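1. Sharing a model prediction with you, sequence too.
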Amino acid sequence: MLSKILNFHRWHPEVAIRYLPIVKQLKATSLSSGSMLEVGSGWLGIAPYLGKEVVGLDESFKDKRFPLLKQVNGSILKLPFKDNSFEAVICIDVLEHLSREKRQTAVNELLRVAKKQVFIGVPCGEDSLNQDILLDKKYKSIFKKQFHFLKDHLKYRLPEENEIMGLIKKAAEKHNKKITIEVKGNENLKLRKFFMTGWITKNHLIDFIYRKVFLLLIPFFQLFDKPPYYRKLFFVRIKS
């Protein structure tokens, strides 16, 4: 892992903490060699950490194209793919940007296009929401505007674990798919607050240290990835 970190400038410590557990799971189940879709990928997503081609869907791609990401414009509410198109479907930090009324439609679509596995990551609970509120206040005090990444979090509020479980089970019933669900915590709250400090700054040196120097410490940071967590990862396996 260390050699990859040293040679890959597109990595970011906080984002790596999100994705590496999914990368580990994909490789453990041999799904990393199959077709893969990431919904809400942005211009990078999981592709740098997985090191293979991924179809990335988003509403728009404002940054330059990353070679391993095949960009497709579209909406999670109506994915432009046929049923069971991908071995694995990944969706990280997207559902919290949707109203509660739209979340079921989104999860329905994720399970519809997935053949074997779905990975859903979403910040959950009051503690996570309270941290977002404090970070938004800090951002406003420095930049005099709302932190755009947190705008929907505060507007729609973060879901609870049981809400996401219910959405997944209803989607499986809708598409007549038998599933198992494993839930894991992701990104310790204090660790996440520490990383976000590097994002909420005008100091270029601090920004560089957090984004690049701390790449060398990812294995160390992973040791502190323990409860309480900011995010929950839902590993959904679809039985053949």
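-> Yep, it's here.
2. quick one: buried residues of the lengthiest helix in the chain?
-> The longest helix of the chain (DSSP state H) is helix 126-143. Going by neighbour count (16 or more other Cβ atoms under 10 Å), the buried part of helix 126-143 is Ser128, Leu129, Gln131, Asp132, Leu135, Asp136, Lys138, Tyr139. Every residue, glycine included, has its C-beta placed from N, CA and C.
3. can you pull up the bridge partners for the residue most central in space within the chain?
-> When Cα atoms, centre = their mean is applied to the chain, the residue found nearest the centroid is Ile92 (2.2 Å). Applying DSSP bridges to Ile92 gives these bridge partners: Gly121.
4. on that earlier part again, the longest helix of the chain packs against which elements?
-> helix 151-156, helix 189-199, strand 229-238 (3 or more Cβ pairs under 8 Å, 6 or more residues apart in numbering; DSSP states H and E).
5. let's see 7 Å
-> helix 151-156, helix 189-199 (3 or more Cβ pairs under 7 Å, 6 or more residues apart in numbering; DSSP states H and E).
6. Could you say which one of those comes nearest to Val122?
-> helix 151-156 (10.4 Å; Cβ to Cβ).
7. buried stuff in the following helix or strand past that closest one?
-> Per DSSP states H and E, helix 151-156 leads on to helix 161-174 as the next helix or strand towards the C-terminus. Across helix 161-174, burial judged by 16+ other Cβ under 10 Å covers Glu163, Ile164, Leu167, Ile168, Ala171, Ala172.
8. what packs against helix 161-174?
-> Helix 161-174 packs on helix 100-113, strand 179-188, strand 229-238, going by 3+ Cβ pairs under 7 Å, 6+ apart.
9. now the second one against helix 126-143, angle please.
-> Our comparison of strand 179-188 with helix 126-143, counting by axes from the mean of the first three to the mean of the last three Cα atoms, to 10 degrees, yields an angle of 40 degrees.
10. try the last one
-> Per the same axes, to 10 degrees, the angle that strand 229-238 makes with helix 126-143 is 120 degrees.
11. Can you name every helix or strand that strand 229-238 contacts?
-> helix 13-28, strand 114-123, helix 161-174, strand 179-188, helix 189-199.
12. Could you do the second one as well?
-> For strand 179-188, the elements it packs on are helix 13-28, helix 161-174, strand 229-238, judged by 3+ Cβ pairs under 7 Å, 6+ apart.
13. Neighbouring strands of the shortest one in the sheet, and parallel or not?
-> Partner strands for strand 229-238, per DSSP bridges, with pairing direction: strand 114-123 (antiparallel), strand 179-188 (antiparallel).
14. Turn the ones you listed into TSV, columns for mean neighbour count, distance to Val55 and mean pLDDT.
-> TSV is the format used below for these (neighbours: other Cβ atoms under 10 Å; distance: least, Cβ to Cβ, whole Å; pLDDT from 0 to 100):
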stretch	mean neighbour count	distance to Val55	mean pLDDT
strand 114-123	24	12	97
strand 179-188	17	22	97
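15. mind checking which of the ones you listed is nearest Ser75?
-> Closest to Ser75 of those is strand 114-123 (Cβ to Cβ; 16.7 Å).
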